[in-house]
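Chemist: using only what follows, build the 3D model:
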Amino acid sequence: MPQSMPTTSTVSASTAAGVTSAAEPVAPPTAAPAQLSRLRRSRLRRSHGQPRRRTRAAGRLAVLAYHGVPDPRSFAAQLDRLRRLATPVSLLEVERAVAEGRPLPPRSVLITFDDADRTVLTTALPQLAARRIPAAAFVIAELIGTDQPFWWHEAEYLARHGGRARAVAGPGGVLAGLKALPDPDRRRSLHELRVSATHQAPRQEQLRPEDLHLLRAAGVAIGNHTLGHPSLSRCDDTTVQAEINGAHAILTQWLGEAPAAFAYPDGGYDPRADAVLRQLGYRLAFLSDHRLSPRLPAHPLRISRLQVDATTSIRRIDSLLSGLERTGLARWLNRLRRA
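Modeler: Okay, the predicted model is just below:
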């Protein structure tokens, strides 16, 4: 007699006993965020593809993108780890590799800082200098020599203290709303927040022109990060040109030479910015797409970077340098952690 099909109750019982169909994926069990974090690190370390990926990653360039450096001890530990695992290179060495068509050494790593608040000078520079590790700092030109806070910090503070702006009154938060606006509207809305808030944002001492010379003399190259850090995708053509050209002129005046490297605000590539950079003679430009780059970048004005900060664990630094952050396993575990 032909075997009868299992009933719904039979299937449920089998599933409860631990029998699952090979054709159907098993949903990952739920777990607390801390357990998921441990699971993620453990599986990445035990991944069978890790040695192969480490070997392949040795043929890539890791560009690390920091912002501020509030924790000197953690940052020092990261630098020591990079010294053991990688070959720190300078911005000039990357420029030469591109110009000469000669790949950088295996396991090359370039350290960069976006926005360049004063901790780059006061905290990062002593640690870098003690280890003779070069770096690059991409500065917001209109803030140099001022006590104006970064606009995104200011906007969040003003919103917490009653600040209102008509264009960002909807759901999603003030910061997300400002970033989604065309740049003239962003600046206008920020002014509305200042006028309507009960308290103004605290002042923030920024780098001075003479600080740029101190950084450069100690091996930290200075690059262009636009005039006021807008989202270039939200700017019209005239504003894109003004943001890059204006910062370029200011930095050239302060440094005595034209900057040759650029970092895209918010990390997103913009072809109009690419055209302006080529006209000005820029040789390198950096994204923030959380990827490794070839040791000889195929597109020098679109070099990938990995987002890190001073609190990034040593184990995660290892995963970033090995390329494991981009594996399907890592992406699955990240989705599981978020869920």
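Chemist: and the strands in the stretch 101-250 of the chain?
Modeler: Using DSSP state E, counting those that start in this stretch, the strands found in the stretch 101-250 of the chain span residues 108-115, 135-139, 220-224.
Chemist: which of those sits closest to residue 192?
Modeler: Nearest to residue 192, of all the strands of the stretch 101-250 of the chain, is strand 108-115, at 23.7 Å by C-beta to C-beta. Just so you know, the C-beta spots here come from the backbone N, C-alpha and C atoms, and that holds for glycine as well.
Chemist: any weak-confidence spans in the stretch 101-250 of the chain?
Modeler: 170-172 (pLDDT under 70).
Chemist: the same query, at a cut-off of 90, please.
Modeler: Across the stretch 101-250 of the chain, the ranges flagged by pLDDT under 90 are 116, 168-173, 180.
Chemist: distance to residue 260 added to the strands of the stretch 101-250 of the chain, as CSV?
Modeler: Formatted as CSV, the strands of the stretch 101-250 of the chain follow (distance: least, C-beta to C-beta, whole Å):
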stretch, distance to residue 260
strand 108-115, 14
strand 135-139, 10
strand 220-224, 8
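Chemist: okay, the ones you listed in CSV with distance to residue 286 and mean neighbour count next?
Modeler: Converted to CSV, the strands of the stretch 101-250 of the chain look like this (distance: least, C-beta to C-beta, whole Å; neighbours: other C-beta atoms under 10 Å):
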stretch, distance to residue 286, mean neighbour count
strand 108-115, 7, 24
strand 135-139, 8, 27
strand 220-224, 8, 26
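Chemist: which among these is found nearest to residue 267?
Modeler: Counting by C-beta to C-beta, residue 267 lies closest to strand 108-115 out of the strands of the stretch 101-250 of the chain; the figure is 8.3 Å.
Chemist: contacts for that closest one, please.
Modeler: 61-69, 82, 86-91, 94, 120, 124, 128, 133-140, 150, 220, 223, 225, 229, 263, 286, 288, 295, 305, 321 (C-beta atoms under 8 Å, 6 or more residues apart in numbering).
Chemist: I'd like to know which of those residues are buried.
Modeler: Among the contacts of strand 108-115, those classed as buried by 16 or more other C-beta atoms under 10 Å are 61-69, 82, 86, 88-91, 94, 120, 124, 128, 133-140, 150, 220, 223, 225, 229, 263, 286, 288, 295, 305, 321.
Chemist: who touches the residue nearest to the spatial centre of the chain in this structure?
Modeler: In the chain, the centroid-proximal residue (C-alpha atoms, centre = their mean) is residue 307; its distance is 3.4 Å. Contacts for residue 307 (C-beta under 8 Å, 6+ apart) come out as 65, 267, 288, 290.
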